[in-house]
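In: Predicted coordinates and the sequence they were generated for:
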Amino acid sequence: MLELEGRTAFITGGAQGIGLGLARALAKRGVRLALADIDVDPLAEAGKELSTVTDVATFALDVTDRDAFARVADEAEERLGPVTLLFNNAGIGGSYPVSAMSYELWDLLLGVNIGGVVNGLQTFLPRMIARGEPAHVVNTASTAGLAPQGGQGGYMYEGTKAGVIGLSEGLSRQLGHEGHPIGVTVLCPGLVATSMVATSRAARSRIDGDLGLTAEQEQDRERLLGEQDFYLQQLGISPDAVGEMLVEGVRSGKPYVITDRGVAEPLAARSKALFMALPAETEHDRRIARHVAAQMREAARSGSRTH
């Protein structure tokens, strides 16, 4: 079990929603908090609330700004000590018809949902590795990335969150192969009562000009967003409950934290379809399996020799 008390956590999107619920759960366990968020008013409120429980530093940060990320990281560690718990939590949603596809939209969703995670990793992971002490990284994805369905979530959002899942899985295994004492958890929230719809609407303002949608498409999109917000508020679990769930997952080193079973049926269908797409096993496959197994054993031996 990873001991949390006395550590410093850096949380992007930490002023609201899941990020704030997580911050509250960590604060109760004696973790110092560096909260980063693009929305300054909720950030100030979160800092005021949590400073009554633990040491807190707040930072206005756009996670797509790499230079700002580095400056904020330096200041956070100077004020609170080395960051050994990293939560790449900031993200935006957005359901757009395929006919509205544009480079500007791709850049926005990829830049925040995947680029923000990459920037967090590139900023903090080398520091963690250099220190050689136990640490942990959490990347927030979504159940929409486990079994993309289109519709309310949107193919761009689902695609970026699927990318976060794959990145987290690969990174976790690579860190293990190299013998670094750094765990990785990917958080896959289902329905959570957050203001993600409002955040997604606000993020659209970062694109100059309109999206080229017809009046009917705009109406359809607003209807989908309204339905999504209704489901989140009426059926979603509280961000505080997710925070508690995630903290326990980090302490026990879980590779995945999934907040509800809503994805069970589409995930099972997707898994079945993937397995059915596999060809019949051949001797070539068996040779590959033996080769991969030998490589894994050698990697494990190399890691034990260098650490």
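Out: Done, it's in. Predicted, not measured: the structure shown is a model, and the values here were computed from it.
In: all contacts plus neighbour counts: C-alpha atoms, from now on.
Out: Will do.
In: What residues does the nearest residue to residue 252 once chain neighbours are set aside make contact with?
Out: Sequence neighbours aside, residue 1 is the residue nearest to residue 252 in space, at 5.0 Å (criterion: CA to CA, 6 or more residues apart in numbering). Remark: with contacts taken as CA atoms under 8 Å, 6 or more residues apart in numbering, residue 1 is in contact with 251-253.
In: Out of the residues you listed, name the ones that lie in helices.
Out: Counting by DSSP state H, these place residue 251 in helices.
In: Report the buried members of the contacts of residue 1.
Out: Among the contacts of residue 1, those classed as buried by 16 or more other CA atoms under 10 Å are residue 253.
In: what comes into contact with the one helix or strand residue 122 maps to?
Out: Residue 122 is located in helix 115-131, with elements delineated by DSSP states H and E. Outside of helix 115-131, the residues within contact range by CA under 8 Å, 6+ apart are 63-64, 66, 69-70, 73, 83-84, 86, 88-91, 135, 139, 164, 180, 182.
In: can you pull the buried residues of the very next helix or strand once past it?
Out: Under the assignment DSSP H and E, the closest C-terminal helix or strand after helix 115-131 is strand 135-140. By neighbour count, and taking 16+ other CA under 10 Å as the criterion, the buried residues in strand 135-140 are 135-140.
In: Adding pLDDT and distance to residue 118, write those residues out as a markdown table.
Out: What follows is the buried residues of strand 135-140, written out as a markdown table (pLDDT from 0 to 100; distance: CA to CA, whole Å):
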| residue | pLDDT | distance to residue 118 |
| --- | --- | --- |
| 135 | 98 | 17 |
| 136 | 98 | 15 |
| 137 | 98 | 12 |
| 138 | 98 | 12 |
| 139 | 98 | 10 |
| 140 | 98 | 12 |
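In: Please identify the one among those residues that lies nearest to residue 237.
Out: Distance from residue 237 was checked for each of those by CA to CA. The minimum falls on residue 140, at 16.1 Å.
In: Correct me if wrong: the closest one contacts residue 188.
Out: Yes: look at residue 140 against residue 188 with CA atoms under 8 Å: they come within range, at 6.4 Å.
In: re earlier: of the contacts of residue 1, closest to residue 174?
Out: Of all the contacts of residue 1, the one with the least separation from residue 174 (CA to CA) is residue 253, at 15.7 Å.
In: so that closest one sits right up against residue 183, yeah?
Out: Yes: here residue 253 lies in contact with residue 183, judged by CA under 8 Å, at a distance of 6.6 Å.
In: Export the contacts of residue 1 as TSV, with columns for distance to residue 48 and pLDDT.
Out: Shown next, in TSV, are these (distance: CA to CA, whole Å; pLDDT from 0 to 100):
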residue	distance to residue 48	pLDDT
251	26	97
252	30	96
253	30	96
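In: could you dump the contacts of residue 1 to a markdown table with distance to residue 267?
Out: Below are the contacts of residue 1 laid out as a markdown table (distance: CA to CA, whole Å):
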| residue | distance to residue 267 |
| --- | --- |
| 251 | 26 |
| 252 | 24 |
| 253 | 23 |
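In: for the contacts of residue 1, which one is nearest residue 28?
Out: Using CA to CA, residue 251 is the member of the contacts of residue 1 that sits closest to residue 28, with 13.9 Å.
In: tell me the secondary structure for the closest residue to the closest one other than its chain neighbours?
Out: The spatial neighbour of residue 251 that comes closest, neighbours along the chain excluded (CA to CA, 6+ apart), is residue 2 at 4.7 Å. When the structure is split into helix, strand and coil by DSSP: H, G, I helix; E, B strand; the rest coil, residue 2 lands in coil.
In: which ones are touching residue 2?
Out: With contacts defined as CA under 8 Å, 6+ apart, the neighbours of residue 2 are 250-253.
In: what's the answer for residue 282, then?
Out: Residue 282 sits in contact with no residue, where contact means CA under 8 Å, 6+ apart.
In: for residue 263, same thing?
Out: Going by CA under 8 Å, 6+ apart, residue 263 touches 143-144, 146-147, 190.
In: Any figure for the gap between it and residue 146?
Out: When CA to CA, to the nearest Å is the yardstick, residue 263 and residue 146 sit 8 Å from each other.
In: same deal with residue 276?
Out: Looking at residue 276 against residue 146, where the rule is CA to CA, the gap reads 18 Å.
In: residue boundaries of the helices in the chain?
Out: With DSSP H as the definition, the chain shows helices at residue ranges 17-28, 40-50, 66-80, 103-109, 115-131, 143-146, 155-178, 196-204, 215-235, 239-251, 264-276, 283-306.
In: Quick one: work out the angle between the last one and helix 155-178.
Out: It stands for helix 283-306. Relative orientation of helix 283-306 and helix 155-178, computed by axes from the mean of the first three to the mean of the last three CA atoms, to 10 degrees: 60 degrees.
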